[in-house]
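Undergrad: Provide a 3D model corresponding to the input given below.
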Amino acid sequence: MNRKKNLVSILTVLMLTIFTSCSKKEMKQRDNLSHHVIITYMTTGNKPTNSATEEMLQKLNAILTKKVNAELEIYYIPWNDYLTNYDLKLAEMDGSVDLIGTASDWLDAWTNVKLGTFMPLSPDMIEKYAPQTWKTVSKEHWNMCSMNGMVYLIPEDNYAQWINHGFMYRGDWAKEAGLNGVHSWEDLTKYFSYIRSEKPGIIPWDSNASESTYQGSGYIESKSDYIVLDGISSFSMFGVHRNNLTKLYSPFYEGSELVNYAKLMKQWDKMGVWPKNVLQSTAGNNDNRTEFYEGKTAVEQHHTQTWYTQVRPEMEERHPGSDCEFFWFGEESGNITTMTITHGAMAVSAASKYPERALMVYDLLRNDKECYDLFNYGIEGRQYVITQNGYRSKPAGFNSQKDTIITNYWWGRNDALEIRDSHTAWDKFDELSKIYNEKKIDYPYSQIVWNVSGISRELANIADVWALYMPHICYGKMDDPESYVADFRAALKKAGVETVIADLQKQIDDFNAQQNK
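TA: You can find the predicted model right below:
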């Protein structure tokens with residue numbers, strides 16, 4: 001916490017210095033196309049160890065030089081302790097990065113806006129230097145990325161992806177169990193019961209203690225209209241009702257869903273759905289997905305995109321006819337929320353020496369097919385080939401270790417230019433996307449920057465209580481579920497959960513009042 005406070009202080013002093021010397025709202029054009037510049041793009045992810053990305057960049061930079069007299073370099077923030085290192089790099093404000101991949105729900109986007117890390121961009125500036133992007137992003141979406149009339153984030157709003165979680169299961173085994181697919185937690189229980197009785201030696205779900213966050217909230221989202229609010233904590237403690245978006249509450253602190261969930265997990269534990277020592281198991285001790293591929297487990301828990309792009313295609317190769325399907329959290333109640341359009345977004349550093357050129361480069365990466373294909377897929381013939389049906393496939397002799405490019409461009413993908421991967425189950429994606437689009441509502445609070453400075457102690461206490469109780473609830477390791485949940489809630493109250501709810505409710509009220517002005 002002290003490190004965060006120091007970071008805020010450093011950024012505040014830096015931004016006061018910058019803005020007293022140069023008002024960004026009255027920015028003068030400092031760029032000149034006759035001057036060749038290097039634009040540095042910062043992204044999360046480990047730096048590639050092969051030369052393939054650099055070879056791609058050579059071809060890309062020849063195009064960028066011809067079109068806007070610029071070239072692109074990539075600065076990687078490694079995954080280890082990525083958020084701390086990301087924020088520290090931004091705090092340097094030394095002009096060493098220009099384009100910054102960011103996100104409001106996992107990369108502190110709005111926090112950095114408030115700190116002055118990102119450059120305020122006027123609509124006129126975007127329209128002039130990134131005209132294609134300006135035209136294709138709606139006014140409503142620009143408004144969602146703005147504060148005080150200035151744009152701070154360019155949203156990845158024309159790329160369909162779903163990262164809501166659920167259980168992947170074997171459709172062939174579900175059919176054997178007499179089920180017409182798994183569409184409820186009760187169906188899942190019947191499926192597990194069949195596996196235990198008819199598939200000896202198979203662990204229904206070789207889970208580990210780190211799975212408890214998604215599993216618990218997934219049940220509640222399925223049995224109610226709960227919408228988790230992003231950016232408050234690393235777990236799913238706080239949210240709103242879908243039918244009342246203005247009232248914050250915690251189903252972990254009130255309501256019947258958690259009690260019912262605890263009872264079901266007690267039943268699963270008695271059935272032997274997971275190993276007896278599940279609470280001692282971590283992600284490093286087992287690999288359920290590998291075991292699922294090997295036919296040793298009956299489900300894998302992750303999100304929609306992982307299912308149709310990776311797991312189902314892999315299962316069809318390894319176990320033809322396994323018919324890997326997806327039971328999504330919220331399916332029973334039709335409860336699904338689109339991720340915020342700033343789940344992936346691009347910002348321009350407030351310290352960039354060439355913000356106009358940075359916008360020009362971004363506009364090409366997002367909208368120019370030649371640049372887009374290179375940056376996302378690599379060199380045709382080396383990283384990919386186009387099949388007869390127009391899909392993208394690996395060329396003969398492709399070696400993933402030496403031929404893979406890594407740009408981690410999750411901040412401006414564009415469905416108008418995407419080339420579908422031939423290894424992906426697109427029929428299943430299209431089928432499920434139709435259902436999602438019929439049921440979805442937009443995430444309601446993408447523009448709120450939660451201020452937790454006044455409740456940080458309570459949130460830390462709540463996190464400790466969560467870590468103590470929730471793993472036992474999620475894996476049925478309790479004698480009396482109802483009594484144990486009551487103890488959990490009593491501990492939450494003592495930790496200050498009601499203080500947190502009241503504080504966050506005021507922030508929602510203030511936000512809605514501001515929106516209604």
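Undergrad: Please tell me I have it right and residue 133 contacts residue 364.
TA: No. Assessed by Cβ atoms under 8 Å, residue 133 is found out of contact with residue 364, at 9.9 Å. Glycine gets a C-beta too; all of them are placed from N, C-alpha and C.
Undergrad: Now tell me what touches stretch 47-56 from outside.
TA: Residues from elsewhere that reach stretch 47-56 (Cβ atoms under 8 Å, 6 or more residues apart in numbering): 74, 76, 78, 374-375, 378-379, 382-383, 401-407.
Undergrad: Try it again at 6 Å.
TA: Under the contact criterion Cβ atoms under 6 Å, 6 or more residues apart in numbering, stretch 47-56 has outside partners 76, 374, 378, 379, 402, 403, 405, 406.
Undergrad: Max pairwise distance over those: which two?
TA: The two members of the contacts of stretch 47-56 with the most space between them (Cβ to Cβ) are 76 and 379, at 20.1 Å.
Undergrad: next one: phi and psi at residue 480?
TA: Dihedral pair for residue 480: phi -130, psi 100, per degrees, to the nearest 10.
Undergrad: Quick check: it vs residue 278, distance?
TA: Applying Cβ to Cβ, to the nearest Å, the value for residue 480 to residue 278 is 19 Å.
Undergrad: before we move on, what about residue 361?
TA: From residue 361 to residue 278 the distance is 49 Å (Cβ to Cβ).
Undergrad: between the two, which one's more packed in?
TA: Set residue 361 next to residue 278 and count neighbours by other Cβ atoms under 10 Å: residue 361 wins out with 26 against 23.
Undergrad: Excluding chain neighbours, give the residue nearest to residue 477 in space.
TA: Nearest non-adjacent residue to residue 477, counting by Cβ to Cβ, 6 or more residues apart in numbering: residue 279, 6.2 Å away.
Undergrad: Quick one: neighbours of the one you found, just the number.
TA: Around residue 279 there are 16 residues (other Cβ under 10 Å).
Undergrad: Which residue ranges of the stretch 251-400 of the chain form helices?
TA: Secondary structure of the stretch 251-400 of the chain (DSSP state H, counting those that start in this stretch): helices at 257-271, 288-293, 304-306, 312-318, 355-367, 369-377, 400-403.
Undergrad: So which of those helices is nearest residue 170?
TA: With Cβ to Cβ as the criterion, residue 170 lies closest to helix 312-318 of the helices of the stretch 251-400 of the chain, at 7.7 Å.
Undergrad: in the closest one, what's buried?
TA: 312, 313, 314, 315 (16 or more other Cβ atoms under 10 Å).
Undergrad: Can you give the contact residues for it?
TA: Contacts for helix 312-318 (Cβ under 6 Å, 6+ apart): 293, 322, 324, 423, 425.
Undergrad: Tell me the secondary structure of the fourth one, please.
TA: If I follow you right, that is residue 423. Per DSSP: H, G, I helix; E, B strand; the rest coil, the local secondary structure of residue 423 is coil.
Undergrad: Grab the nearest non-local neighbour of it.
TA: Here the residue nearest residue 423, using Cβ to Cβ, 6+ apart, is residue 313, at 5.1 Å.
Undergrad: Check the gap between that neighbour and residue 168 for me.
TA: From residue 313 to residue 168 the distance is 12 Å (Cβ to Cβ).
Undergrad: Contacts only, for the residue nearest in space to the middle of the chain.
TA: For the chain, the residue nearest the mean C-alpha position is residue 343 (6.0 Å; Cα atoms, centre = their mean). When contacts are counted by Cβ under 6 Å, 6+ apart, residue 343 touches 103, 105.
Undergrad: how near is it to residue 446?
TA: 9 Å.
Undergrad: Over to residue 251?
TA: 21 Å.
Undergrad: Give me the contact list for stretch 405-416.
TA: Stretch 405-416 is contacted by residues 43, 45, 48, 52-53, 56, 101, 156, 158-160, 344-346, 366, 375-376, 378, 383 when judged by Cβ under 6 Å, 6+ apart.
Undergrad: What confidence value was assigned to the nearest residue to residue 183 once chain neighbours are set aside?
TA: In space, and not counting its chain neighbours, residue 183 is closest to residue 331: 5.9 Å by Cβ to Cβ, 6+ apart. Confidence at residue 331, expressed as pLDDT, is 97.
Undergrad: From residue 192, how far out is residue 331?
TA: From residue 331 over to residue 192 (counting by Cβ to Cβ), the distance is 17 Å.
Undergrad: cool, and residue 454?
TA: 44 Å.
Undergrad: would a markdown table of the buried residues of helix 312-318 with pLDDT be doable?
TA: What follows is the buried residues of helix 312-318, written out as a markdown table (pLDDT from 0 to 100):
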| residue | pLDDT |
| --- | --- |
| 312 | 96 |
| 313 | 95 |
| 314 | 95 |
| 315 | 97 |
